[in-house]
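Enquirer: quick one: sequence and predicted model below, then my questions.
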Amino acid sequence: MLPDIASAVRLQEVDGRVTELTKEIASLPKHIAEIEKKLESHQRKLDADRGALSANQKDRKKLEGDIQVQEQKISKLKDQMLQAKTNDQYKAFQHEIEFCQTEIRRSEDRILELMSESESLEKNVKSAEVALKAERAQVEGEKQQARERTEVDQNALGELQTARKALVAAMTPGVYSLYERIRGRRGVAVAEVVDGRCSVCHIMLRLQYFQDVKRSEQVLVCESCQRILYYNPPQQFEDVNGPSASAMHT
């Protein structure tokens with residue numbers, strides 16, 4: 001295989017890995033932003049439940065205060081009723097007392113409703129606090145993993161970029177320009193010939209052209225998709241298993 005073609009094959013591998021690492025590095029902040037957004041949504045829900053619980057407690061306290069006021073009114077009205085001089089005055093005081101008692105019962109009924117609602121709210125708040133604490137710890141763990149992964153990826157990317165510069169420096173400028181031109185148009189610039197076909201576009205090569213590719217005396221491109229072609233000869237049995245394998249069959 002021509003050194004330029006071998007370099008192009010290796011360069012394509014390096015560029016593929018560079019693309020993968022670049023995407024991964026870019027995706028990590030997005031992933032963190034997504035889980036933080038989800039965490040913020042759960043925090044807002046918890047804050048809303050806490051607010052509802054606080055409002056519930058305030059309403060109950062206000063109603064308890066209203067009951068005290070009504071009870072004080074009843075006490076005063078009973079004292080005044082004892083001093084009533086006419087039957088109409090007595091009935092008027094009695095009517096006022098009944099009204100106050102009705103207001104007290106209404107407040108007590110509402111307090112019972114609020115207490116029932118409060119139990120559910122308290123349960124929701126407690127469970128949400130526990131879940132949020134665990135989720136926050138998980139998010140912090142994922143953020144730390146993302147930072148560590150980013151550092152590893154950036155180091156690997158730096159090494160690949162160094163290796164890429166060395167490969168480019170070793171290539172004939174014209175071949176490198178051809179590689180970049182094809183990569184810019186096609187994404188994949190180099191294609192292996194397998195069973196007489198281009199492994200990317202799958203078009204069968206002309207027999208003579210296939211022989212030229214196999215000889216690897218010059219840089220050739222696929223006549224169909226214009227990608228740089230290379231050929232890897234199949235390994236012989238003894239190449240895989242060592243000399244002893246061929247000796248066994250002699």
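Expert: Alright, I've got the coordinates.
Enquirer: pull out the buried positions in stretch 204-216.
Expert: L205, Y209, F210, D212, V213, K214, S216 (16 or more other Cβ atoms under 10 Å). To be clear about C-beta, it is placed using only N, CA and C from the backbone, and glycine gets the same treatment.
Enquirer: quick check: the last one touching L229?
Expert: Read that as S216. No: contact criterion Cβ atoms under 8 Å: S216 and L229 do not qualify, at 9.3 Å.
Enquirer: any idea which helix or strand carries L28?
Expert: helix 3-82 (DSSP states H and E).
Enquirer: host element of N232?
Expert: Judged by DSSP H and E, N232 forms part of no helix or strand.
Enquirer: oh, that last question was meant for L160, not what I typed.
Expert: Going by DSSP H and E, L160 is part of helix 87-170.
Enquirer: tell me the angle that helix makes with helix 3-82.
Expert: Here helix 87-170 runs at an angle of 170 degrees relative to helix 3-82 (axes from the mean of the first three to the mean of the last three Cα atoms, to 10 degrees).
Enquirer: thinking again about what came up before, with respect to D153, which of the buried residues of stretch 204-216 is nearest?
Expert: Distance ranking of the buried residues of stretch 204-216 against D153, using Cβ to Cβ, places S216 first at 35.0 Å.
Enquirer: list the contacts of that closest one.
Expert: S216 makes contact with M1, L2, I5, Y230, Y231, according to Cβ atoms under 8 Å, 6 or more residues apart in numbering.
Enquirer: and which of these is nearest to E34?
Expert: For the contacts of S216, the residue nearest E34 by Cβ to Cβ is Y230; the value is 41.5 Å.
Enquirer: so who does the spatially closest residue to that closest one that is not a sequence neighbour touch?
Expert: Spatially, and ignoring its direct neighbours in sequence, Y230 is nearest to I5 (5.0 Å; Cβ to Cβ, 6 or more residues apart in numbering). I5 sits next to V190, S216, V219, I228, Y230 when contact means Cβ under 8 Å, 6+ apart.
Enquirer: now the residue nearest the centre of the chain: how far from A131?
Expert: Central residue check for the chain by Cα atoms, centre = their mean: the C-alpha nearest the mean position is that of H31, 3.6 Å away. In this view, H31 and A131 are 20 Å apart by Cβ to Cβ, to the nearest Å.
Enquirer: hang on, the earlier thing: pLDDT of the helix holding L160, averaged?
Expert: Averaged over helix 87-170, pLDDT sits at 92.
Enquirer: continuing past it, what's the next helix or strand?
Expert: Per DSSP H and E, helix 87-170 leads on to helix 173-186 as the next helix or strand towards the C-terminus.
Enquirer: give the buried residues for that following helix.
Expert: Applying 16+ other Cβ under 10 Å to helix 173-186 flags V175, Y176, L178, Y179, I182, R183 as buried.
Enquirer: so the last one sits against A189, correct?
Expert: By that I understand R183. Yes: the pair R183 / A189 is scored as a contact, 4.0 Å apart, by Cβ under 8 Å.
Enquirer: around Y90, how many other residues sit close by?
Expert: 15 (other Cβ atoms under 10 Å).
Enquirer: which one is it nearest to, not counting chain neighbours?
Expert: Nearest non-adjacent residue to Y90 (Cβ to Cβ, 6+ apart): A84, at 4.2 Å.
Enquirer: what does R186 give?
Expert: Per Cβ to Cβ, 6+ apart, closest to R186 is R227, 6.3 Å.
Enquirer: thinking the one you found is in contact with Y179, fair?
Expert: No: counting by Cβ under 8 Å, R227 sits too far from Y179 to count as a contact (9.7 Å).
Enquirer: coming back round to it: quick check: the gap between the residue nearest to Y230 and K165.
Expert: 19 Å.
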